[in-house]
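1. okay, here's the prediction I keep looking at, along with the sequence it came from:
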Amino acid sequence: MQMIPPVKKGHGHLTLTPEHVAGKRIFVIGDVHGCYEQMMELLTKADVLTPDRKRVADDAVVIFVGDIINRGAENLKVLRWVRKSGAYSVVGNHELNVLEKGAAKYAWVADCTPDDLDYLRELPYTISIPTHDIVVVHAGLLPGTPLDCQEEFVMTRMRNIDEDANGQLVPLERTKDGGRNWADVWHGPEHVIYGHDAKRGKDSSGHPVIQEHRCATGLDSRCVKKGKLSGLFLADRELLQVSCAHI
């Protein structure tokens, strides 16, 4: 069984400069969770790939909101495509889980190469796009806290925010523990695009939806739970989705 070194703290923060994104279509994709066929279907629908579908097209930027792996059937295939394609991704709780627990919990990790694991270790917590006033993060951000002071738990696991007896904000992972949706109390200045919150990725009838707030957009629409895989073009807010009902 392959042994995996401990998680390196401080994955860091990535900024895409104006020069890097100039003239390019920026497409952000929700939690894939190892669903390779649905990922490729969405990327093809968005027309952001080279003709051989192995790389992101020169006129496009593709960003994943984390949790590209686990739960689905083709985790390694997804990981290697994202790693080699020129796409970007932030780190999610499932990437951290793989690095912490390895093949002892996730059998597919036994087939990972050192390059695969190094890629996961180097994923940033956030990707900022100043030209669009956008920050991409897996779970969320704590209001009033500078980006470089945000905690790993907040960026990779938080769903709700509560206040303690002193009025300090407390991040919560489980919605049943109380508090409010963090995105309801996030007022910018950046617009945050995130994933992670599959429980809120459905409407009252159970249909998969994205989560739209004044200063945040959640793209986890329950792909691996027979919902949809969602992607958003930043320039015109065009939403594209593919069905995952047959998973």
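-> Good, I have the coordinates.

2. CA only for contacts and neighbour counts going forward, please
-> Fine.

3. now the helices for the chain?
-> Listed in chain order, the helices of the chain (DSSP state H) span 18-21, 36-46, 75-85, 93-101, 114-122, 152-156.

4. how about the strands in the chain?
-> Under the criterion DSSP state E, strands of the chain are mapped to 13-15, 25-29, 60-64, 88-89, 126-129, 134-137, 160-163, 169-172, 180-181, 191-194, 211-212, 216-218, 228-233, 239-243.

5. I'd like the mean pLDDT over the last one, please.
-> Right, strand 239-243. Confidence over strand 239-243 (mean pLDDT, whole number) is 97.

6. same thing with the first one?
-> Averaging pLDDT along strand 13-15 gives 97.

7. re earlier: and of the helices of the chain, who's closest to residue 228?
-> Each of these was scored for nearness to residue 228 using Cα to Cα, and the closest is helix 36-46 (8.7 Å).

8. keeping just the C-alphas, turn stretch 221-232 into PDB.
-> Taking C-alpha atoms only, stretch 221-232 is exported to PDB below (Å, rounded to 0.1, in the frame of the first residue of the first chain):
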ATOM      1  CA  SER A 221     -25.700  20.900  -8.200                       C
ATOM      2  CA  ARG A 222     -25.400  17.300  -6.900                       C
ATOM      3  CA  CYS A 223     -23.600  15.700  -9.800                       C
ATOM      4  CA  VAL A 224     -22.700  12.500  -8.100                       C
ATOM      5  CA  LYS A 225     -26.200  12.200  -6.600                       C
ATOM      6  CA  LYS A 226     -27.900  12.000  -9.900                       C
ATOM      7  CA  GLY A 227     -28.300  15.700 -10.200                       C
ATOM      8  CA  LYS A 228     -26.500  17.900 -12.700                       C
ATOM      9  CA  LEU A 229     -22.900  19.000 -13.300                       C
ATOM     10  CA  SER A 230     -22.900  22.800 -13.700                       C
ATOM     11  CA  GLY A 231     -20.500  25.300 -15.300                       C
ATOM     12  CA  LEU A 232     -20.600  29.100 -15.500                       C
END
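
9. if anything else comes up later, I'll come back, but that's it for now.
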